[in-house]
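No letters, just coordinates:
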């Protein structure tokens, strides 16, 4: 962790040097071609440091996870073995049989049938599923800032559409009725699948960690697909994205189709109700952040500030700033920036993920297929809690 802090401090100093260079050479906000190339190189170095910090933080997290004990001491009283565990996916027997099923071997404990999915896939053991979920969180920014729930069926969410209004009432006068109304949002589940093929030679190699390979592949694939849907999904056969007409509320329309001003950002912040601003963050793509780095407030201070604390995001106008490659780019009529409390975006995971082994489909190529399936939905529940900036036409 000390190394991460040192890297963050180095990145902050590099950004200060870039700002100083820009301030010393900017003449009417116009840089010469040579100075602009130098400045862009300095900014690229800052971005490269950010990527190195992310890699180092990931390494530290993985080292901490690997340092955890692999077993716990026995503290319970011995039993005669007659009682069955109520959570079969948490048992060592289930995990062992799951690994043997992936390799096409004979099951030893006859417990896989207790977790058979309706479509023929085995519910993954709890330890395996946790590994996948961790991978999703590392690859999926929206999952970090949204509200994530687990459902077993279609879930209807009641929403207060209008509130009651108190009235000043004179003595002996009739009370004024208030009629609050309610709306409803429905969270469903859309099917997301991935098919990975593994050669029979790798399966036969006892040194090959099959479970880790499959977990990493499915984590990456699911994370990419989810992130794109959570940002720009159509809502038809997939989650509804934040940066869509059915997502947040358009709070500000920029006067230009390609340029974002300081006033646009300030207007976007205050388009959000104060109750939501205390937990609000920015979400946009990296290219948009790059365009905002030269902007200053009325006091000459840069709007963007790098994070110097491990685990904390950069900031824009004092608010945390997150980036996703699937946020829209700056273009005429586009919605490139979201600002709000993203707990108003709900992600619903339906039941557990499944893995199915396909023995015959790819036998002619000397391969075995593994099919992973999950069901998930996502949508903005309260559009007023997330404000979008729309570019001019």
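Noted; the coordinates are in hand. Predicted model, so just to flag it, every value in this text is computed and none were measured.

and residue 158, backbone torsions?
Backbone dihedrals for residue 158, given as degrees, to the nearest 10, come out at phi -70, psi 140.

Check the burial of it by counting its neighbours.
For residue 158, the count of nearby residues is 9 (other Cβ atoms under 10 Å). In this view, the C-beta of every residue, glycine as well, is placed from N, C-alpha and C.

how about it, what does it touch?
By Cβ atoms under 8 Å, 6 or more residues apart in numbering, residue 158 lies in contact with 182-184.

ok, so of those, who is nearest residue 331?
residue 183 (32.3 Å; Cβ to Cβ).

give me the element that closest one is part of.
Using DSSP states H and E, residue 183 sits within strand 182-187.

Show me the contact partners of that strand.
In contact with strand 182-187 (Cβ under 8 Å, 6+ apart) are residues 149, 151, 154-161, 346, 348, 377, 379, 381.

Sort these by pLDDT and name the bottom one.
When the contacts of strand 182-187 are compared by pLDDT, residue 161 scores lowest at 65.

what's the spacing between residue 343 and residue 171?
To residue 171, residue 343 is 44 Å away according to Cβ to Cβ, to the nearest Å.

the more surrounded of these two?
Each of residue 343 and residue 171 has its neighbours counted (other Cβ under 10 Å); residue 343 has more, 16 against 4.

quick one: that one and residue 147 touch, right?
Yes - judged on Cβ atoms under 8 Å, residue 343 makes contact with residue 147 at a distance of 4.6 Å.

thinking again about what came up before, give me the buried positions along the strand holding residue 183.
In terms of neighbour count (16 or more other Cβ atoms under 10 Å), strand 182-187 has its buried residues at residue 187.

Give me the average confidence score over the next helix or strand after that strand.
Downstream of strand 182-187, the next assigned helix or strand under DSSP H and E is strand 190-199. Averaged over strand 190-199, pLDDT sits at 88.

if we can go back for a sec, how far off centre is the strand holding residue 183?
Centroid displacement of strand 182-187 relative to its chain, using Cα atoms, centre = their mean, to the nearest Å, is 23 Å.

can you confirm residue 171 is in a helix?
No - using DSSP: H, G, I helix; E, B strand; the rest coil, the assignment for residue 171 is coil, not a helix.

What score does it have for pLDDT?
On pLDDT, residue 171 comes in at 85.

Can you read off the backbone torsions of it?
Main-chain dihedrals, residue 171, degrees, to the nearest 10: phi -60, psi 140.

Please identify the buried residues of stretch 368-385?
368-380, 382-385.

before we move on, back to that, would you mind giving me the PyMOL syntax to select the buried ones in the contacts of strand 182-187?
To isolate the buried members of the contacts of strand 182-187 in PyMOL, using 16+ other Cβ under 10 Å:
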select buried, resi 151+155+346+348+377+379
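
Which member of the contacts of strand 182-187 is positioned nearest residue 336?
Distance to residue 336, by Cβ to Cβ, is smallest for residue 379 among the contacts of strand 182-187, at 20.2 Å.

distance of the spatially closest residue to that closest one that is not a sequence neighbour from residue 384?
Leaving aside its chain neighbours, residue 379 sits nearest to residue 240 (4.1 Å; criterion: Cβ to Cβ, 6 or more residues apart in numbering). With distances taken as Cβ to Cβ, residue 240 is found 16 Å from residue 384.

mind checking pLDDT for residue 85?
49.

swap that for residue 177, please
Among the per-residue scores, residue 177 shows a pLDDT of 82.

how many neighbours does it have?
Neighbours around residue 177, by other Cβ under 10 Å: 8.

Can you report phi and psi for residue 155?
Dihedral angles for residue 155 - degrees, to the nearest 10 - are phi -120, psi 130.

err, residue 224, not the other one
Torsion angles, degrees, to the nearest 10, at residue 224: phi -70, psi -50.

Quick one: neighbours of it, just the number.
Around residue 224 there are 16 residues (other Cβ under 10 Å).

ok, of the contacts of strand 182-187, which one's closest to residue 232?
Among the contacts of strand 182-187, and counting by Cβ to Cβ, the member closest to residue 232 is residue 379, at 12.8 Å.

wait, is that closest one part of a helix?
No - according to three-state DSSP, residue 379 belongs to no helix; its state is strand.

Does it touch residue 345 like I think?
Yes - the pair residue 379 / residue 345 is scored as a contact, 7.2 Å apart, by Cβ under 8 Å.

Would you state the strands of the chain in chain order?
Ranges of strands within the chain are 122-123, 147-151, 155-160, 182-187, 190-199, 249-253, 281-284, 304-305, 314-316, 319-323, 337-340, 345-358, 367-380, 386-390, based on DSSP state E.

Sort out which residues of the longest helix seen in the chain are buried, please.
Among the segments of the chain that qualify as a helix by DSSP state H, the longest is helix 33-66. By neighbour count with 16+ other Cβ under 10 Å, helix 33-66 contains the buried residues 35, 38-39, 42-43, 46, 49-50, 53, 56-57.
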